[in-house]
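Asker: here you go, sequence then predicted model.
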Amino acid sequence: MSSTAPESLGWSVESCTIGRAMEILGERWTIVVLREVFAGIRRFDDMRVRTNIPRQVLTNRLGTLVDSGVLRRVPYQEPGTRVRHEYRLTQKGFDLYPVLIAVAEWGDRYLADPEGPPLVYEHRDCGAGVHAVVRCEDGHEIGDFRQVLPKPGPGARRR
């Protein structure tokens, strides 16, 4: 490795948790499915109608999210029909809320129609807008992301 090469080239990314997370979240429709569940849309047919996700794709995405522990299946039955399932967030799923809000904010900033975003997030108690914020462990809010330095963590392995 040359003296001008980034230090990070010396570390393996085989056990990277970002890569592992993207194995679950990285497919286009997965975040859309999560958006629906966070919005209270929990039933398969409701999700399909609202999003136009192809049936098999929705089945696969929901299966991946259930298998990975992000969602859980809860049985329900309408009178006169067979038992079906709706999809509810687990704690692991709720912990993705900041990710969803960060993606929404990025989309709102760069991709929204001129009228503005079609969905906003508010604090249930006071009605104020909710935003993703980056803070260090000492509580300093970081607005300039160039101030964030990725470094090898305790699970890092040399290449």
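Answerer: Everything's here; your move.
Asker: can you give me the distance of the spatially closest residue to Ser8 that is not a sequence neighbour to Ile18?
Answerer: Leaving aside its chain neighbours, Ser8 sits nearest to Pro150 (6.6 Å; criterion: CB to CB, 6 or more residues apart in numbering). Just so you know, the C-beta spots here come from the backbone N, C-alpha and C atoms, and that holds for glycine as well. Applying CB to CB, to the nearest Å, the value for Pro150 to Ile18 is 10 Å.
Asker: quick one: Thr4 from Ser12, how far?
Answerer: Distance of Thr4 to Ser12, computed by CB to CB: 21 Å.
Asker: those two - which one has more neighbours?
Answerer: The neighbour comparison of Thr4 against Ser12 (other CB atoms under 10 Å) goes to Ser12, with 11 against 5.
Asker: and the pLDDT at the residue nearest to Ser8?
Answerer: Note on Pro150: pLDDT of 88.
Asker: go on, Gly129?
Answerer: We have a pLDDT of 96 for Gly129.
Asker: count of residues packed around it?
Answerer: Neighbours of Gly129 using other CB under 10 Å come to 10.
Asker: with the one 5 residues further on instead?
Answerer: Here the number of neighbours of Val134 (other CB under 10 Å) works out to 13.
Asker: how far away is the closest residue to it other than its chain neighbours from Leu149?
Answerer: Sequence neighbours aside, Ile142 is the residue nearest to Val134 in space, at 4.6 Å (criterion: CB to CB, 6+ apart). Going from Ile142 to Leu149 by CB to CB gives 11 Å.
Asker: cool, Leu34 as well?
Answerer: 29 Å.
Asker: same check, this time on Arg158
Answerer: 19 Å.
Asker: what's the pLDDT at the residue nearest to Val33 when sequence neighbours are not counted?
Answerer: Using CB to CB, 6+ apart and skipping residues adjacent in sequence, the residue nearest Val33 is Arg61, 4.9 Å away. The model reports Arg61 with a pLDDT of 97.
Asker: now do Arg109
Answerer: Arg109 carries a pLDDT value of 95.
Asker: also Ser3?
Answerer: Listed pLDDT for Ser3 reads 68.
Asker: likewise for Arg82?
Answerer: We have a pLDDT of 94 for Arg82.
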